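Student: turn this into a structure:
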Amino acid sequence: MKHRASITFLIATFLVAACSGGAGSATPGPSGSPPNGAAPQGLDARTFLSTGVEGRDLVAGTQIRISFQDGQVSASGGCNSMSGPYLLDGDRLVARSLATTEMACEEPLMAQDIWLADLLDGATIDLDGTTLTLTKGGVSLTLEDRVVADPDRPLLGTRWVVDGLVSGGAVSSVPAGVTAALTFSDGRVDVEAGCNRGGGSVAITATTLGFGPIALTKMACGANAMAVEAAVGAVLSGTVTYSIVAGTLTLDAGGPGLILRAAT
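Tutor: Numbers count the residues shown, from 1 in each chain. The predicted structure is shown next:
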């Protein structure tokens, strides 16, 4: 609770300060539109991942992610996520009203959230092709378009390991010690179902997978493995929709679904 209160207070302090001067000189347009016209060409509907920073040290194992969509900016730095409307005041980014989640993390991650929130309000913004640079107060953050920095993995030939089981709009994780995975080739899917293995035919389009009958071995396993196998089998039947974003494959069977990650 102490960590949550600290980050909420400090982010609020940054936002109040921003409203009193500096980037706060911008006047929002109607419906949150930028005061000086539209966002830089090509900025909207894109996500950027950090590739370098000067003036700060990123916490080991973390990467900053910033997305722009329909006048909203969202960002995460390894602990909490923040989002809200943004404006442009000339070449400066103005994001005064960022709402943030309130997870309690280790102190270095909480501090990283705070300086990231501060950077987003008043940073000089430069977009050069696929490279985005935000600069403010001695901090310069360089990011690359997600499509370049973390491209979509190919459906075919990738071993997709099941990370999440979707049911009734809720996602549950795969129990420890249980592995389920799919590997697609031209016209076929090989299945590790959680306990048994097998495969079958699949008709692949740009957005759908049409599964034929899946034949599996008949081993008996523990309750967790059999439950995962039942959930996987419920999805691999008939036509399902799919999407790939970076290393994540999502299957939607109109209720049940799977979330899978590309194995490294």
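Student: confirm Pro154 sits in a helix?
Tutor: No - counting by DSSP: H, G, I helix; E, B strand; the rest coil, Pro154 is not part of a helix but coil.
Student: count the residues that sit near it.
Tutor: By the measure other Cβ atoms under 10 Å, the count of residues near Pro154 is 10. The way it works is simple: take the backbone N, C-alpha and C, and place the C-beta from them, glycine included.
Student: Thr183 too?
Tutor: 18.
Student: check which helix or strand covers it.
Tutor: strand 181-185 (DSSP states H and E).
Student: let me see the mean pLDDT of that strand.
Tutor: Averaging pLDDT along strand 181-185 yields 98.
Student: ok now it, how far from the chain's centre?
Tutor: Centroid separation for strand 181-185 versus its chain: 23 Å, with Cα atoms, centre = their mean, to the nearest Å.
Student: now swap in stretch 217-225 and tell me
Tutor: The chain centroid and the centroid of stretch 217-225 are separated by 33 Å under Cα atoms, centre = their mean.
Student: what's the average pLDDT for it?
Tutor: Computed over stretch 217-225, the average pLDDT equals 97.
Student: would you mind listing the buried residues in that stretch?
Tutor: Ala225 (16 or more other Cβ atoms under 10 Å).
Student: what does that stretch contact?
Tutor: Pro175, Gly177, Val178, Gly194, Cys195, Asn196, Arg197, Gly198, Met226, Glu229 (Cβ atoms under 8 Å, 6 or more residues apart in numbering).
Student: who's in contact with the third one?
Tutor: Spelled out, it's Val178. Here Val178 is in contact with Gly194, Asn224, Ala225, Val228 (criterion: Cβ under 8 Å, 6+ apart).
Student: and for Leu141, the neighbour number?
Tutor: Leu141 has 25 nearby residues by other Cβ under 10 Å.
Student: show me the contacts for it.
Tutor: When contacts are taken as Cβ under 8 Å, 6+ apart, Leu141 is in contact with Ser50, Gly52, Val53, Arg56, Ile64, Leu119, Ala123, Thr133, Leu134, Thr135.
Student: in the chain, what residue sits furthest out from the centroid?
Tutor: Within the chain, Lys218 marks the point farthest from the mean C-alpha position, 37.3 Å out by Cα atoms, centre = their mean.
Student: ramachandran coordinates for that one?
Tutor: Backbone torsions for Lys218, taken as degrees, to the nearest 10, come to phi -120, psi 40.
Student: ok, Leu258 touching Gly164?
Tutor: Yes - using Cβ atoms under 8 Å, Leu258 is in contact with Gly164, at 7.0 Å.
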